[in-house]
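Enquirer: Mind looking at a prediction? Sequence and model below.
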Amino acid sequence: MIGNFALSILAAGLMTLLLALTSLALATSIGLAAAFAKLSGNGFLSGMASGYTFIIRGIPDLVVMLLLFYSLPAMLNQGAEAIGLDIQVEFSPIAAGIATLGLIFGAYMTETFRTALLNIPKGQIEAAVAYGLPRLRIFFAIILPQLARLALPGFTNNWLVLAKATALASIIGLHDVMFRAKAAAEATSMPFTFYLIAAGFYFSVTLCSMLLLSIVARRTAAGMRELAS
Amino acid sequence: MNWDIIVENAPLFIQGAKLTLTLALASLAASFLLAVPLAFLRNSRLPAVRYTVTAYTLLFRGTPLLVQLFLVYFGIAQFGSIRSSFAWPWLSSPLVCVLIAFVLNTTAYSTEIFAGALRNIPIGEIEAARAYGFSRWKQATRLLIPAMLTRSLPLYGNETIMMLHATSLASTVTLLETTGVARRITLDNYIQFEPYVTAAGIYLLITFAIVSAFQIVQHRFAGYLENRTS
């Protein structure tokens, strides 16, 4: 019996990983866009990006999730009612989960990417401009490879925190590892066993990610000389 | 919009904010006292000591706080021997369980922050202290601990905010801190928008205060580490 419940918890690992990886993709896109907006020199764009990172990083993950899952549809429905539309907006837990984690970690990624971009020597980009390289070539040939190397430690850190933060989606009813562990704990009155299995799942995700990303770090740092060590 | 319901429930929100602050401050204070010695043990020359502390920080930083909280609050009841022990009245209280989980979690993060700062103290400073004949205790209290803490300030500031935000998880085990109050009001009044927005505003305000405080402290005590522009 313990075995069956344990299997159902681990099977929900797919849902947790789906949520984590989709949110990561969203967060990375938002982070890149907002980092470039902050450094664009355009007052409106950088102001918008700064406001976004300030507000998101000032509110707990759980509250952002509750806002997106409960408050946003409630507001949209009130708005629709006010203009005489008869529709009911409702978000699925997975959609609200992806939107929440994407928005939150987008803000952390923004800071990671912004610092990395600032650390790319300006002379290289000036040289590329002087040689008349098109902007897309500059981005893909000069900025991106260095951004990958410089942002990787921060990126790794954000991913590790994100993977653990997915557990919050169980609170809005997503059938992830944590949700199944709670169900098993309540059905068997063996809460310690099943939450420990859930903990083991998250811990192995952490360990695997650390291993994988350290290999990536070695790849992206190929050709860099270690200074005096 | 039903903002008058929020106004009516303002005393509840104030109590909630108080509990949020109490939880965060109590957890941070207890974890600070634990993390400072643990940071030294984390860098101990004895492998057994070093690896034990590393295993602790890795385990608690590698699993979600929500799981840790549920393990303490719901999990402990699985063991009959604990349920019949003298400690049960405390261990069955959500407040105590929340504090245990928060302290264990934030101590793991703080230990790594402090231990990292300790490794980054220039060796020359330590050699100078030895050359002046400082005892090991004096080295620690006069040099290592102050240098470690000032170097940790930016990261420790982040950890403080993480801890503040983490207190919202206490609402999942029935505590009525800021998030718990917001949830209670949504359920009692069938409004979904205003309570959560109010809660978000409260957290934003506290976060802003903490960030400003750390900037002042940073400037005052860690100014010597800043890049001089002349």
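Expert: Good, I have the coordinates.

Enquirer: Show the contacting residues for residue A:86.
Expert: residue A:80 (CB atoms under 8 Å, 6 or more residues apart in numbering or on different chains). The way it works is simple: take the backbone N, C-alpha and C, and place the C-beta from them, glycine included.

Enquirer: And it, what's its pLDDT?
Expert: The model reports residue A:86 with a pLDDT of 77.

Enquirer: any idea how far chain B is from it?
Expert: Applying CB to the nearest CB, to the nearest Å, the value for residue A:86 to chain B is 19 Å.

Enquirer: where's that residue, which helix or strand?
Expert: Using DSSP states H and E, residue A:86 maps to neither a helix nor a strand.

Enquirer: can you map out the strands along chain B?
Expert: Here chain B has no strands by DSSP state E.

Enquirer: Show me the helices in chain A, by range?
Expert: For chain A, the helices defined by DSSP state H cover A:2-11, A:13-38, A:43-57, A:61-66, A:72-82, A:93-118, A:122-130, A:135-137, A:144-165, A:177-188, A:191-220.

Enquirer: Now do the shortest one, average pLDDT.
Expert: Which is helix A:135-137. Helix A:135-137 shows a mean pLDDT of 92.

Enquirer: Show me what it is packed against.
Expert: Of the remaining helices and strands, none touches helix A:135-137 by 3 or more CB pairs under 8 Å, 6 or more residues apart in numbering or on different chains; DSSP states H and E.

Enquirer: Can you give the contact residues for that helix?
Expert: residue A:128.

Enquirer: what's near enough to touch residue A:98?
Expert: Taking CB under 8 Å, 6+ apart as the contact definition, residue A:98 lies against A:19, A:22-23, A:26.

Enquirer: Relative to chain B, which of those is nearest.
Expert: Using CB to the nearest CB, residue A:19 comes nearest to chain B of the contacts of residue A:98, at 12.8 Å.

Enquirer: What about the spatially closest residue to residue B:125 that is not a sequence neighbour, how many residues nearby?
Expert: Closest residue to residue B:125 apart from its sequence neighbours, by CB to CB, 6 or more residues apart in numbering or on different chains: residue B:143 at 6.3 Å. Using other CB atoms under 10 Å in any protein chain shown, residue B:143 is surrounded by 17 other residues.

Enquirer: Just to check, residue B:74 is in contact with residue A:190?
Expert: No. Counting by CB atoms under 8 Å, residue A:190 is not a contact partner of residue B:74; they are 10.2 Å apart.

Enquirer: low-confidence ranges in chain A?
Expert: Across chain A, the ranges flagged by pLDDT under 70 are A:225-229.

Enquirer: make it 80
Expert: For chain A, residues meeting the criterion pLDDT under 80 lie at A:1-2, A:86-87, A:222-229.

Enquirer: for chain B, same thing?
Expert: B:1-2, B:226-230.

Enquirer: Can you identify the helix in it that spans the most residues?
Expert: Determined from DSSP H, the single longest helix within chain B is helix B:10-42.

Enquirer: helices or strands up against it?
Expert: Checking 3+ CB pairs under 8 Å, 6+ apart, helix B:10-42 ends up next to helix B:47-61, helix B:94-119, helix B:145-166, helix B:178-189, helix B:194-221.
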